[in-house]
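> give me the fold of what follows.
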Amino acid sequence: MANLYLVGLPGAGKTTVGRIVARRLQLRFVDLDRLITQREGATISQLFHTDENGFREKETAALKWVNENLDCCVVATGGGIVERNENVELLRKEKVLYVVRHPRSILTTLNTDKRPVFYDDPNRIYPIARRRIPLYESVADVWVTNNRSLHSCIGQVLAQLRREGFPDAQNKEEEI
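Down below sits the predicted model:
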């Protein structure tokens, strides 16, 4: 079975949703940003601010490594994974879940200080959203909105995956 990749804006809930979905499906959870920080010995903010292009190269290398070495995982990607065409092409070959959350909703609940893409201006989310949302939509097989309760979101994910024929989602929806 292939991996399930979660994409979406920073703060959309990819890691939280991914962790819970992986647990419910009894699959391994992988956070791509965490994999990068473990490999590099630096935080995402440090890597991003030092050399954004270099960070994107590390992100691509991590995505390739997961594709080539891991199977049956739920993988939370960084919000900017779609910034490189190479990543978009890799993701189009996989099962991808787009975690949709409106930028305004993200700004009301997210500590933007911990998100390197926002720098000192949280309103940067709006141009980022305009650029990235079409890319998320182009790679996604399944979309789920994360503006309501987490319980509702997870239920939507499992129901959508079951409809899409994702093997491990069969009969898991009832367990919520």
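
> hey, where'd the strands end up in this protein?
4-7, 28-31, 73-76, 95-100, 142-145 (DSSP state E).

> contacts for the longest one next, please.
Where contact means Cβ atoms under 8 Å, 6 or more residues apart in numbering, the residues beyond strand 95-100 that reach it are 2-8, 12-14, 17, 136-137, 139-147, 153, 157, 160-161, 164, 166. From N, CA and C alone the C-beta is placed, and that goes for glycine too.

> which of those count as buried?
Buried members of those, scored by 16 or more other Cβ atoms under 10 Å, are 3-8, 12-14, 17, 136, 139-144, 146, 153, 157, 160-161, 166.

> shaky segments in the chain?
1, 111-119, 167-176 (pLDDT under 70).

> quick check: longest helix of it.
When every helix of the chain is counted residue by residue (DSSP state H), the longest turns out to be helix 52-69.

> give the other helices and strands that that one contacts.
helix 32-40, helix 44-50, helix 85-92 (3 or more Cβ pairs under 8 Å, 6 or more residues apart in numbering; DSSP states H and E).

> and the angle for that helix with helix 32-40?
Going by axes from the mean of the first three to the mean of the last three Cα atoms, to 10 degrees, helix 52-69 is angled at 100 degrees with respect to helix 32-40.

> in helix 52-69, what's buried?
For helix 52-69, by 16+ other Cβ under 10 Å, it's 55-56, 58-60, 62-63, 66-67.

> from the contacts of strand 95-100, which land in helices?
Filtering the contacts of strand 95-100 for helices - DSSP H - leaves 14, 17, 136-137, 139, 153, 157, 160-161.

> can you lay out those as CSV showing distance to Cys72?
Below are the ones in helices among the contacts of strand 95-100 laid out as CSV (distance: Cβ to Cβ, whole Å):
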residue, distance to Cys72
Lys14, 18
Val17, 18
Tyr136, 23
Glu137, 26
Val139, 20
Cys153, 22
Val157, 16
Gln160, 18
Leu161, 13
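
> mind telling me the two of the residues you listed farthest from one another?
The distance between the two most remote of the ones in helices among the contacts of strand 95-100 (Cβ to Cβ) is 19.4 Å, for Val139 and Cys153.

> neighbours around Arg28, how many?
A total of 13 residues lie near Arg28 under the criterion other Cβ atoms under 10 Å.

> nearest to Arg131, of the helices and strands packed on helix 52-69?
When the helices and strands packed on helix 52-69 are ranked by proximity to Arg131, the top entry is helix 85-92, at 12.6 Å, counting by Cβ to Cβ.

> packing partners of the closest one?
Applying 3+ Cβ pairs under 8 Å, 6+ apart, one finds that helix 85-92 makes contact with helix 52-69, helix 125-139.

> right, so of the ones you listed, which gets closest to Val82?
helix 125-139 (3.8 Å).
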